[in-house]
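Student: Curious how this folds, go ahead:
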Amino acid sequence: MKTGAMLGDAPTGPDETLLRLVASALATLSRLRTVPNPVYPAKVQNAYNHLVLHCLRRGTDPPGSVPEMVRWGAERPLEAWPLDLPEELRAGEAVLVDPQTRLPHQLCLEWEVNAADPAAELFENDRILEALAVCRAAKAPRAYTAFRALLTSRPVLTGAELALLGGDPECGMLLHSVIKRCYEPAPASYLRGGVYRQCERCRCLMVPLHRGGHLCELDRCRRDGTDGTGVELSPEKGGVFQLSRPLRMFVTSPGLAETDLEAGLKEKYGIQAEMWPQYDAYDLRVPLPGGRHWAVDVKDRVNPVLLARTLTPFRTEPPYDRAFLVVPRYRFRENEAYGRQFRRNLPDEMSDRVTLLDDRAFLRLVGDAVASHADTHAEGGRHA
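Tutor: Next up is the predicted model:
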């Protein structure tokens, strides 16, 4: 995640703009903790009004209310909406709202914003960017690395743990006020039988289902068949806090893929990658034999078109020989055209500056580079 990059808007058609309005409204509704006055925020009412007018112009029955617009999001695949969208943006049978939890899917949050880094846009001048500014001013790159590791590995904290971070020498002493604003009280609706449940894999809170059981909200855990039991977490006097949802989706989820890649490099080839170098210039700097370095940004995104349209160049410091965009393999399994759709929508100026690979393919390429260098070194030794 390159939070320091400039994030430009990609050109879109009017129906794409409408879809973005609706997605933003659905996300806004999901974040409400109390009933506002008026009942629906202006952003929600505006999106609903635009959708109704759009349907009437097309001679299509519109949703009769905001709740019915939400039902559309949960029950109608994008390809069934009265919108003129390119085929690759219709996302097949994908819906914007999870019909089981009634929370926006990650796809909805990706539509909400128009940037390569949704978390950076949603929290501009706050949270992530504030942490970067504080660490740069203090000349403390390790504090920023520890901050990113915290958001990846500990998406849920008890009140006591959150308070104790203020004395943590790695990042808490410098960034405690920023960290506290990254976390929000866990909703009481997540309690079942007096306890919360954390996903065993990602450690996020699981969402209780009306029919019983729990569901992790992260795509990576659902797709890998994480069960609905989880690990019990009892509420305490100080309360339970979780990262705000955009941070869970766009920092914790890809952060887990980043640390998985880091572990794979070390386990397979003994390579220790540098994580989030130079205040998040890119995600991993991978040292290779012969003094070369590869730069890697990891994205765990549903829609390759939205990702490609808004991709920006990697920062050039620290320097690297090749740049890679790495996406977890399960995204390619879900959408066999992921790579083709990405390349077709990549801006011309980016086409020869970054290579898209899934995580397994990237590890194999690193292995080939290591083996090639060893063979060349051995051949040179024989001729010496």
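Student: Every contact and neighbour count from this point should use C-alpha atoms.
Tutor: Noted.
Student: just the CA coordinates of stretch 134-146, formatted as CSV?
Tutor: Extracted C-alpha coordinates of stretch 134-146, given in CSV (Å, rounded to 0.1, in the frame of the first residue of the first chain):
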residue,chain,number,x,y,z
VAL,A,134,4.6,11.9,12.8
CYS,A,135,7.2,9.2,12.1
ARG,A,136,8.9,11.3,9.4
ALA,A,137,9.1,14.3,11.7
ALA,A,138,10.7,12.1,14.4
LYS,A,139,12.9,10.4,11.9
ALA,A,140,11.5,7.1,13.2
PRO,A,141,11.0,4.7,10.3
ARG,A,142,10.9,1.7,12.6
ALA,A,143,8.0,3.2,14.5
TYR,A,144,6.0,3.4,11.3
THR,A,145,6.9,-0.2,10.5
ALA,A,146,5.7,-1.3,14.0
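Student: what's it in contact with?
Tutor: 131-132, 170-171, 174-175, 275-279 (C-alpha atoms under 8 Å, 6 or more residues apart in numbering).
Student: of all these, which comes closest to A263?
Tutor: M275 (11.2 Å; C-alpha to C-alpha).
Student: Could you list the low-confidence segments of this structure?
Tutor: 1-12, 35-37, 91-92, 114-125, 224-228, 377-384 (pLDDT under 70).
Student: Pull out the buried residues from the lengthiest helix in it.
Tutor: Counting residues, the longest helix in the chain under DSSP state H turns out to be helix 359-383. Buried residues in helix 359-383, counted by 16 or more other C-alpha atoms under 10 Å: 359, 362-363, 366-367, 370.
Student: coming back round to it: can you list the contacts of stretch 134-146 in TSV and add neighbour count, distance to A337 and secondary structure?
Tutor: Listed next are these as TSV, based on neighbours: other C-alpha atoms under 10 Å; distance: C-alpha to C-alpha, whole Å; DSSP: H, G, I helix; E, B strand; the rest coil:
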residue	neighbour count	distance to A337	secondary structure
A131	24	37	helix
L132	24	36	helix
E170	16	42	coil
C171	24	41	coil
L174	21	44	helix
L175	22	41	helix
M275	23	30	strand
W276	24	29	coil
P277	19	32	helix
Q278	18	34	helix
Y279	23	33	helix
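Student: a markdown table please, covering the buried residues of helix 359-383 and showing distance to R203.
Tutor: Listed next are the buried residues of helix 359-383 as a markdown table, based on distance: C-alpha to C-alpha, whole Å:
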| residue | distance to R203 |
| --- | --- |
| D359 | 22 |
| F362 | 26 |
| L363 | 26 |
| V366 | 30 |
| G367 | 31 |
| V370 | 34 |
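Student: Work out which residue lies at the spatial centre of the protein.
Tutor: The structure's the chain has its C-alpha centroid closest to F250; by C-alpha atoms, centre = their mean the separation is 2.2 Å.
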